[in-house]
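In: the sequence isn't on hand, but the structure is:
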């Protein structure tokens with residue numbers, strides 16, 4: 001992805017996704033590789049490679065979602081970039 005604020009994979013409340021043998025990459029600021037939200041949301045990734053080269057990028061983001069990474073690689077270059085972030089929503 002080459003635009004600022006791009007999201008490669010977004011899974012919303014109640015979604016169930018299995019990703020295998022894939023690459024997600026962003027070259028601009030504020031790239032979101034894998035974004036999931038909701039307590040009932042489940043994401044499983046096998047041999048997933050996520051890379052970013054922009055500032056303020058987030059490779060894996062969970063807002064109360066269940067994310068499982070197996071045999072995966074995360075790589076980020078950029079100021080204030082984060083590999084894995086998890087927030088728990090109240091309620």
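Out: Ah, there it is. Quick caveat: nothing in here was measured; it's all calculated off a predicted structure.
In: could you measure from the most centrally placed residue in the chain over to residue 25?
Out: Per C-alpha atoms, centre = their mean, the C-alpha nearest to the average position across the chain is that of residue 34, at 2.0 Å. As defined by C-beta to C-beta, to the nearest Å, residue 34 lies at a distance of 12 Å from residue 25. Every C-beta, even on glycine, is put in place using the N, C-alpha and C of the backbone.
In: hey, what's in contact with both of the two?
Out: Shared contacts of residue 34 and residue 25, defined by C-beta atoms under 8 Å, 6 or more residues apart in numbering, comprise 8, 50.
In: what segments of this structure are strands?
Out: Counting by DSSP state E, the chain forms strands over residues 7-11, 16-26, 32-37, 42-52, 58-63, 66-70, 73-76, 82-87, given from the N-terminal end onward.
In: okay, and the beta partners of the residue nearest to the centre of the chain?
Out: With DSSP bridges applied, residue 34 shows beta-bridge pairing to residue 9, residue 60.
In: out of the strands of the chain, which is the most enclosed?
Out: Among the strands of the chain, judged by mean count of other C-beta atoms under 10 Å, the one packed with the most neighbours on average is strand 32-37 (a mean of 23).
In: neighbouring contacts of it?
Out: Looking at what lies outside strand 32-37 - C-beta under 8 Å, 6+ apart - the contacts are 5-13, 15, 19, 24, 26, 43, 45, 48, 50, 52, 57-65, 67, 74, 89.
In: could you do stretch 3-16 as well?
Out: Stretch 3-16 is contacted by residues 1, 17, 19, 24-26, 28-43, 50, 54, 65 when judged by C-beta under 8 Å, 6+ apart.
In: pretty sure residue 49 is in contact with residue 20, am I right?
Out: No. Under the criterion of C-beta atoms under 8 Å, residue 49 makes no contact with residue 20, lying 11.5 Å away.
In: run the chain-centre distance for stretch 33-44.
Out: Offset of stretch 33-44 from its chain centre (C-alpha atoms, centre = their mean, to the nearest Å): 9 Å.
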